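Enquirer: Please work out how this folds:
(2 chains)
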Amino acid sequence: MDADLLEADVGGAPRDGSHSQGVYIYRPTNQSKSFAERPTKRRKVVRPNVIKAAKSHPFVSLLNGDEDANSIELRYRTYQQLWSAQEAKIKEILDDIDSEVLTNVLSFTRSTSPQTYDGCIPAALVTVGSNVSSLGRLLSRLNDQLTTTGEGGVIVLESGDAPNLKTTLKNIIRFAITNTEGNDGYQSFVTDREGPRVLGYDLDLLADYVKRKDVRKLVIAFRDSEAFDPGILADLLSLLSSWLDRIPLTLMFGISTSVDLFEGRLPRSSVALLRGRFFEIHEASNCVDRIYGRLQAEQDGTFWLGRNITSVLFEKSSDSFQTPEAFSRTVKYAYMSHFFANPLSALLADGPATTKRSDQVCEALRNVSSFRTYCEELLEEGSAGQVRKLLEDDAFLLEQSTRWVKLGQQKMRDIFQCVKMVHRTLKHFKVVKKPSLSDISIRALAGELQSSAFYEDFLRSIKTLDSNQLKELIAMLPATLTDSPVFGQIQADFDTLLQTYQGTEPLKSGYDKQHSVVATTIIQQRVKLSKSKARLPKENADFTNIIHRVYTLLEAFFEDTSIRPKELILHEVFLFDMRNPIKEVFSPRPRFAVERALSSPFDYLISPSGDLTVSISAHQPAAAILYQLYLESGSLVNVHDLWQAFYAVFESEQGDSCDERSIMAWFYRALSDLKALGMVKSSRKKADHVSKTSWMGL
Amino acid sequence: MQPDSDEARPVSTPKRPRTTDAAPNGSVNGHADREKTPEGKPAKRIKSTPKKPATDTPAALKASGLKTPTHKNKAKALFSTPAKQTAAPVSPTKARNADRSAKKKSARLLLEQDEDEIWDGADRLAEEILGDNDTTIPTAAEGDGVIPSVEAGSEPAAADTTAPTPKRRAGRPKGAKNKRSPTPEGELPAHERYFFQNRAGPPRTSNNNLSKVNLLTHEEYFEKMAQWVDPLQEEKALLLDLHCRSFPQWDFEFDQGFNICLYGYGSKRRLLQAFADWQYCRHHNDDDNNDDSENPSVVIVNGHTPGVSIRTIFATIVTAVLGADIPSKMGSQPQEVLELLQSSLNARGPSYPPITVLINSIDAPSLRRAANQALLARLAATPQIHLLATADTPNVLLMWDLSLRDQFNFVFHDCTTFVPFDAEFDVVEEVSALLGRKGQRVGGKEGVEFVLKSLPENARNLYQLLLTELLASTDEGHLSDDEMGGLATGGEGREEAGIEFRTLYQKAAEEFIASSEMMFRTLLKEFHDHQMITSRIDASGMEILGVPLSREEMEGVLEDLVLA
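Expert: Residues are numbered from 1 along each chain as shown, chains lettered A, B, ... in the order given. Here you go, the predicted structure:
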């Protein structure tokens, strides 16, 4: 290849030819020069701050670079604190979810041996379903357990580790030894051995290792057992079973389909070598719901994800399988975005905002849209003085805004208290089969909880509670509600009622079905059902009264808390609700991006002259022209005609001045681009034809 | 599909208003309408639904006498109306038509010289199917009245320039038709467009080929490219600068344990280089008393470079980690190297700066294999490694399944740069391969003959045998395929034409050219070294041998061999 010309074209690339190297370690070639030029120019404003702070954290100065180092630091610290707390919660949940299976599997591995299984290999079949990552967690925890007690270890095999039997064996042996001895230990183990030198895949090595280290349990786990070649697996199983007397093996298969299917893939003779138990790991969605509830609905929450993000998160985990880890990473990214790009997030920090540049913060506050609406409302109410003060007095504004943020946070907590209460009630009294916290949260975050079916179900279930159930409900009510004097009164009345009540049956309210009588009458050959209230004993009437009071109280409480979070003033500080960074970052559409770039290149190439050419013209990049011509062709493309059409685009605009050979060079480049993008491939149907392989928008 | 509901939703049938507008203009449209009205069908229905006209299309189908896919036949039987018989006076009878096997039909199709007229019929039919009968070829040729756009202006000019090739006058409007007709811009939803462009029938393209066009050589291409000044330089620089502004963000993402994948059209090498510079500058220790290991290591991988292997990538990273004390033996398997890397990273502890790995084109063919991606995913999952990969192809996401995506832990950013892929691809090579003209580079007929002269008798005989067999097999076997392509496709044809290794060996043994397989292989190796044969493994796992020559060239070589 003509290297010189290439160099000329690539321009900024280093001249030492490193770009034609496959792999190389980056060396700053002309250190002093290039660094003085590019980065400083780009980030002129922030430079002094960044250089100082660079070592400590990766945040940059916002507010057009005027943000001072203190508040940057503050943002970063707040983020760290907040997220590490949340991360700990997530980890707790994950550990908790796995723990049951872990204990089961652990006891299985400990209790079983070939002896107890008549010479069969003990095998644990773990179905993971969509929750693929959980197996990895399980295995690493199992390994930790086994290695710390010195019992043995876990060898995790993936299908990629088993291209053939020899390599598989070699990998098993290597993983087993490196697990406890490390890489060097493995090397020395293989080389410093007495007797004849054995090959890396000789199970003698493993047996020797087992003997030397007194290993009692060696678990071989096949992570994605479906992806293994059944032939290799069968060979491996028969080989391992013949070593069972020397190596204490337990097998473990991760199965994403079903045990039957897994069994069906293996030959009978291999299946006969195994005997074991079946374990099931819970579905991911359950876990994700719990994580979400834990992150959002905690009493001490200070920062929340809004409705849009919530729906994106759950759309993603319901549309495609998503591991709990991936879910929490997405949440993490939302947190990151907020603190990285929102200068106001510094207000979330504990303690007073210590910033020298409070004027900057105040200006930012005044530009926030919720602040503006608030001011407009104030003006309508006629309190112009208040508005003036807010706009002019920085100290006052800061003071107010901390108060607002506190208030808003309380409101958010209340909302999630409601959500939790509804969720728990529905779940506890089994009104709805599987109420999901996320669904309720989405409604609540949109301020629509009261118009949702959940709310109706909830209220209906309240009416039909009996006295025992009411007690349970009261235990579930949030503190904000139970602290109110009205509630105290109800509680007291309820207690006295219960004390006077002697019956063994719990009290039923008048709303209960048992207390209504259904009368059946036949009028003109039609059955007519009419309900009427049965007469209630006195206690029950009192109880009905109490239920009614609870009902009204709850209704009022919901009325109070059901607000749209986006209407809260300064919600920008404690609520993050932008669909976009999350959606684009985690569900990218590269195909759409390429198609868009090629079909309307000026979406990307923003022309300083503001010239927005819509249709094909010679001003566009060659590949874009060719792509648009290509779009209009059929499934088979005549390259000659394509070239003519391409040439015509230039010729019509440049007249005779255009150089055909240059245009052909661009045509070549564009065509090779299309080929590299997988849009054309050569066709045998006709001479000099290519076939079209992608259709835009599909 | 009901006409009434279609009326209610104008979006779904964009052609409708067009049709009514355009119906009065152009004699052909009038003609088309007239044809239909006698059949007693309201014109409105015909236009509005794609389905309805299918009932009267078989008339046109039969008129062409060429294209009768079976299901269409059925449709005709179901909906047959007397009007059809009368409307198709020229067509062969139904029975004959049905009798004719597909193969015979295709053979006749090849013999048919007057193709254009027939294809026009088919085209018109297709347009009727879509109810888009205002854009038949003649109207397209009339141009401007139908589509008032920039293209309309540019097209006649194009037609003029190609006028010097008078024989293909009909071909040119074809190209134009492809551009403007049945699928006017933005009118059809994507799936409709797909089915329209993939409709059954022979290819509707002209018979032009590039034999008269002087193709570019490497030298000329680079010469022209060197002269080129990008008119969009400013815009591209702006775009690049825009991406560069996200560097701190990327850095933060790295810091939080994410890896990054950049996608979008355009080469991203410069962007990555700039990022490496930026990173170096940012994390560089200004104090001189620090030794080199304190500085961040950046490893750059160019996925498109031939010969880049996953093992070399890992080995280079190991070098970056360990510096001078690399173990003498790293292991030959990439897995082993990866494990060495992971253990040495673990041993190093978290106080050291992490290693940044920048991979240009992670979807390059050499890295694309599932096994390689799995290894890269493991690399990415290593805590001390920060991976930034760029992807060029639109379908890059298909490479990774759920667990790989989980390991990669990518955040994606759209980094469309529009920078040409000069360093990535050998453009001329790619295009020649695409056009099936790659063989010509090897030296063609002359080159092969030159080599043959210097080879022993046996080798020449074997080559002769190979050529004879290949030519014979193309004559018998893939008749329709090869004939369709005509002689000029020889270059592509040889991709297909091939002889199975065993068969050739048996023949060679019969002819006493090679007495043992050993010897046979030795002879073949000689050919292989001079790139005179190609070998590939077909779907059933057999080795197929071929010759990188066009058919004429093969015949020429064979002739010379026999005469010599």
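Enquirer: what number of residues lie near A:Leu398?
Expert: For A:Leu398, the tally of surrounding residues (other CB atoms under 10 Å in any protein chain shown) stands at 18. Where you see a C-beta, it was placed from the backbone N, CA and C, and this is true even at glycine.
Enquirer: Same question for B:Ala226.
Expert: Using other CB under 10 Å: B:Ala226 sits among 14 other residues.
Enquirer: which helices and strands sit right next to the helix or strand that contains it?
Expert: If you go by DSSP states H and E, B:Ala226 is part of helix B:218-227. Judged by 3 or more CB pairs under 8 Å, 6 or more residues apart in numbering or on different chains; DSSP states H and E, the packing partners of helix B:218-227 are helix A:3-10, helix A:660-676, helix B:427-434.
Enquirer: is stretch A:659-667 anywhere near chain B?
Expert: Yes: using CB under 8 Å from any CB of the partner chain, stretch A:659-667 reaches chain B at A:Asp659, A:Arg661, A:Ser662, A:Met664, A:Ala665, A:Trp666.
Enquirer: Let me see the contact set for the residue lying closest to the fifth one once chain neighbours are set aside.
Expert: Pointing back at A:Ala665 there. Ranked by CB to CB, 6 or more residues apart in numbering or on different chains and with sequence neighbours excluded, the top spatial neighbour of A:Ala665 is B:Lys224, at 3.8 Å. Listed by CB atoms under 8 Å, 6 or more residues apart in numbering or on different chains, the contact set of B:Lys224 reads A:Asp659, A:Arg661, A:Ser662, A:Met664, A:Ala665, B:Leu216.
Enquirer: Now do the strands in the stretch 251-400 of chain B.
Expert: B:259-263, B:297-302, B:355-360, B:385-390 (DSSP state E, counting those that start in this stretch).
Enquirer: Buried members of the contacts of B:Lys224 into ChimeraX, please.
Expert: Selection of buried members from the contacts of B:Lys224 for ChimeraX, criterion 16 or more other CB atoms under 10 Å in any protein chain shown:
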select /A:662,664,665 /B:216
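Enquirer: Return the list of helices and strands in contact with the helix or strand where B:Tyr505 lies.
Expert: Element membership for B:Tyr505 (DSSP H and E) is helix B:501-510. Judged by 3+ CB pairs under 8 Å, 6+ apart, the packing partners of helix B:501-510 are helix B:457-476, helix B:517-529, strand B:543-546.
Enquirer: who wins for proximity to chain A among those?
Expert: helix B:457-476 (11.9 Å; CB to the nearest CB).
Enquirer: Would you map the helices across the stretch 251-400 of chain A?
Expert: Under the criterion DSSP state H, counting those that start in this stretch, the stretch 251-400 of chain A contains helices at A:259-265, A:268-273, A:284-296, A:307-319, A:324-341, A:358-367, A:369-381, A:384-392, A:394-428.
Enquirer: can you list the helices and strands packed on helix B:501-510 in TSV and add distance to B:Val428, mean neighbour count and mean pLDDT?
Expert: Conversion of the helices and strands packed on helix B:501-510 to TSV gives the following (distance: least, CB to CB, whole Å; neighbours: other CB atoms under 10 Å in any protein chain shown; pLDDT from 0 to 100):
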stretch	distance to B:Val428	mean neighbour count	mean pLDDT
helix B:457-476	27	18	84
helix B:517-529	24	16	85
strand B:543-546	23	18	84
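Enquirer: Adding distance to A:Gln322, write these out as CSV.
Expert: Output for the helices and strands packed on helix B:501-510, formatted as CSV (distance: least, CB to CB, whole Å):
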stretch, distance to A:Gln322
helix B:457-476, 53
helix B:517-529, 50
strand B:543-546, 44
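Enquirer: Make a markdown table out of the residues of stretch A:659-667 next to chain B and add pLDDT.
Expert: Converted to a markdown table, the residues of stretch A:659-667 next to chain B look like this (pLDDT from 0 to 100):
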| residue | pLDDT |
| --- | --- |
| A:Asp659 | 80 |
| A:Arg661 | 84 |
| A:Ser662 | 85 |
| A:Met664 | 87 |
| A:Ala665 | 87 |
| A:Trp666 | 87 |
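Enquirer: Please report how far B:Gln384 lies from B:Ala377.
Expert: 16 Å (CB to CB, to the nearest Å).
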